[in-house]
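Participant: take this sequence and fold it.
(2 chains)
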Amino acid sequence: MTDAPLIGFPHRHLLGIEGLSPSEITGILDLADQYVEQNRQVDKKRALLNGRTQINLFFETSTRTRTSFELAGKRLGADVINMTASASAIKKGETLIDTAATLNAMHPDALVVRHPNSGAVALLSQKMDCSVINAGDGSHEHPTQALLDALTIRRRLGRLAGLVVAICGDILHSRVARSNILLLTVMGARVRAIAPPTLLPSTVERMGVEVHHDMQKGLKDADIVMMLRLQNERMSGTYVPSTREYYRYYGLDNDKLSNAKAEALVMHPGPMNRGVEIDTELADDINRSVIREQVEMGVAVRMAVLDLLSRHRPNRPGGAGQ
Amino acid sequence: MSGDRIAYLNARLIDPASGLDQAGGLLTEGDTIADLGPGLFADGPPEGAEVVDCGGRVLCPGLIDMRVFVGEPGAEHKETLASASRAAAAGGVTCIIVQPNTEPVIDEVALVEYLKRQARDKAVVRIHPMAAITKGLGGQQMAELGLLAEADAVAFTDADRAVADAGVMRRVLSYASAFDLLICQYPEEPSLGGGGVMNAGEVAMRLGLPGKPTQAETIMIERDLRLVEMTQGRYHAAALSTAQAIEAMRAGKSRGLPVTAAAAVHNFALNETAVGEYRTFTKTAPPLRDEADREAVVAGLADGAIDVICSCHEPQDAESKRLPFELAATGIIGLETMLPLALELYHNGRIDLLALLGKMTAAPAALLGLRGGKLNRGAPADLLIFDPDVPWRIDEGAFRSTSKNSPYDGRPVQGRAWRTVVAGRAVFDDEQRI
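Facilitator: Purely as a prediction, here's the structure:
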């Protein structure tokens, strides 16, 4: 967008929410707002990133996030390439630095990476001359998810500061939870973490959240209820006794939701386990659930991020990496 | 052998075993200490002896490092006995105790013999092996402890893993007591700590890394102390890193149990904040703990709850460290930095020099039944001469170790080896760059 406000965004990469200031977050969201409007037009394509190459490198399977990044890049005019690394290569791990060196030699302008190990994206970024965007690393961060969640909330409720946001589910293993907690707390929201103790880091309150093990109490007067996905392998006796028991105490249904504010919004980063984390009708209730809206916001937020990072111009003299 | 006589003049003699800390001189004859004392060379050095003027530097027994991992046999690209021994010499260490988790595992007499032979032929410092407690480090079947000890395995350990099964550990301690063998346990309850890659706590949470809770160590120590109570086997905790485990050890000692403990240098030189943004050089065993635990390690060293300082020297090549933190290899090299980092405790006024050096000389020698580690007539001439005050910066480019995985590169320190002597021969000389 030619009329985009040139906000101060001094970062070359987006590796996490940690390290972003409130004004930088607000700047990304403001720019994303403009892309939301653009994406609702018949002609969605812009020439901003014409001639630029974006590589989506996914070491974990993902449909939603990868597609979202792909669409974001293409709508800005970039050439987008998707790469999926095989599972065996990940297990060995030692290919990561080599992969980075190989990709770097192809002179991409942006690299979007998802990896099953925390810190892997940061490690890779050290070897790349272009901007690197973290599309989820292990249990660490998933910054664009937190940004799209914030955009969704802000567009519905007009603000982030002062809101009560209840994050429920497998917080221990969730990069979405970490990024959201970091973003929401720095923007002045009150965050509650609701989960059985086995799915909470023992020091989670050090991130400035209020901890609840009782979902009914935790949801009291909440403005936002953010559900997290629980991996199947953690539901069979290792972290919680069973799917049935988990749903009983920590699955979101209308009864539990009645504790929250009457107009409270329900969010989920997807893909959902219907009947495990969330009641299936509730997930589809357009008055409460903004799950599909989150997907729309995802594309806009990723366009905003690609736009801002593209201003570093890695492959030009004087740009980053030269 | 009079031609082999070397007179060390003008030294500050420190012998932790006898409590000696006095200006004086020392005479070696061949591979042994012939004489020492404050007035030894009052009438000048003996005729025909080579003279070394120590310039007022400390002369003490060469350091003994109880916990050193070497890649030989099996991973010679990380470190050989030869390269480890040169690193040791440069760090003032005259005796290293190598751990049995090699490929193959040192769990048979023939392998102990092989190691001894290799060490004798290739190494410039003394090398003694520890042998495995259980066959293949499997934690189940006892190795031939008696025969291995007879072949000169100085102690027994399953190296980087604990003997987790309480029944096995009970029988090991019980059996070992008949031969007065030392059992060294790496104290981590695997079902609690095994999944972690760093200390559990706020840093791990923020980095999204699985943590090892301090209780994994405490529980293992508390359990083992009960087993020692049952069996009276001699027990040594290979490396303590947590306040609670140190407190348990202190209590065990006050109950009169035959137990001792070591601390790794990294557990008092660094805390978990050094992990920063996934610095894999700070992935260690035991893991770096929080500041309160680090402080407890220092306090434990000061009050004697911890008897020994060891380097936990664990070489890893660049490839195995240049990985995401969870996948990266564990360990840091430490032979060349143990002395200056330990001296930080002395310079900070936490432990006096005599006691500090005792934890790297007399204490390990006594535990392992070694003849070295002390200055007296007839003892092996394994010596360290060092200036405790000289300031310098740790420089990974200068390391003699084959691997360079040190988190201390660039750290300003005080004190370094000036000359290292093994069996009467200089194996390191800071000025002549031996």
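Participant: give me the buried positions along stretch A:45-63.
Facilitator: Of all the residues in stretch A:45-63, those buried under the rule 16 or more other Cβ atoms under 10 Å in any protein chain shown are A:46, A:48-49, A:52-60, A:62. C-betas here are computed from N, CA, C, even on glycine.
Participant: reformat the residues you listed as CSV; add pLDDT, distance to chain B and secondary structure.
Facilitator: Shown next, in CSV, are the buried residues of stretch A:45-63 (pLDDT from 0 to 100; distance: Cβ to the nearest Cβ, whole Å; DSSP: H, G, I helix; E, B strand; the rest coil):
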residue, pLDDT, distance to chain B, secondary structure
A:46, 93, 34, coil
A:48, 95, 31, coil
A:49, 96, 29, coil
A:52, 96, 28, coil
A:53, 97, 25, strand
A:54, 98, 23, strand
A:55, 96, 19, strand
A:56, 96, 19, strand
A:57, 94, 14, strand
A:58, 94, 15, strand
A:59, 90, 10, coil
A:60, 89, 13, coil
A:62, 88, 17, coil
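Participant: which single one of the residues you listed is nearest to residue B:205?
Facilitator: Distance to residue B:205 across the buried residues of stretch A:45-63 (Cβ to Cβ) is lowest for residue A:60, with 21.3 Å.
Participant: so which residue of the stretch 101-250 of chain B comes closest to chain A?
Facilitator: Residue of the stretch 101-250 of chain B nearest chain A, by Cβ to the nearest Cβ: residue B:208 (3.2 Å).
Participant: same question for the stretch 1-150 of chain B.
Facilitator: For the stretch 1-150 of chain B, Cβ to the nearest Cβ, closest residue to chain A: residue B:77, 14.3 Å.
Participant: run through the residues that contact the closest residue to that residue other than its chain neighbours.
Facilitator: Counting by Cβ to Cβ, 6 or more residues apart in numbering or on different chains, residue B:77 lies nearest to residue B:317, which is 6.0 Å off, once chain neighbours are set aside. Applying Cβ atoms under 8 Å, 6 or more residues apart in numbering or on different chains to residue B:317 gives the contacts B:77-78, B:403, B:405.
Participant: out of the residues you listed, which two are the most distant from each other?
Facilitator: Maximum distance among these (Cβ to Cβ): 13.0 Å, for B:77 and B:405.
Participant: re earlier: does the residue of the stretch 101-250 of chain B closest to chain A touch residue A:177 like I think?
Facilitator: No: judged on Cβ atoms under 8 Å, residue B:208 makes no contact with residue A:177 at a distance of 9.9 Å.
Participant: same drill for the two, tell me which one is more crowded.
Facilitator: Neighbour totals were compared for residue B:208 and residue A:177, and residue A:177 leads with 32 against 26 (other Cβ atoms under 10 Å in any protein chain shown).
Participant: contact partners for the closest residue in space to residue B:362 that isn't next to it in sequence?
Facilitator: With Cβ to Cβ, 6+ apart as the criterion, residue B:362 has its nearest non-adjacent residue at 4.0 Å, and that residue is residue B:17. Applying Cβ under 8 Å, 6+ apart to residue B:17 gives the contacts B:61, B:358, B:361-362, B:365-366, B:373-376.
Participant: again, only using 7 Å
Facilitator: By Cβ atoms under 7 Å, 6 or more residues apart in numbering or on different chains, the residues touching residue B:17 are B:362, B:373-374.
Participant: count of residues packed around residue B:423?
Facilitator: Neighbourhood size, residue B:423 [other Cβ under 10 Å]: 18.
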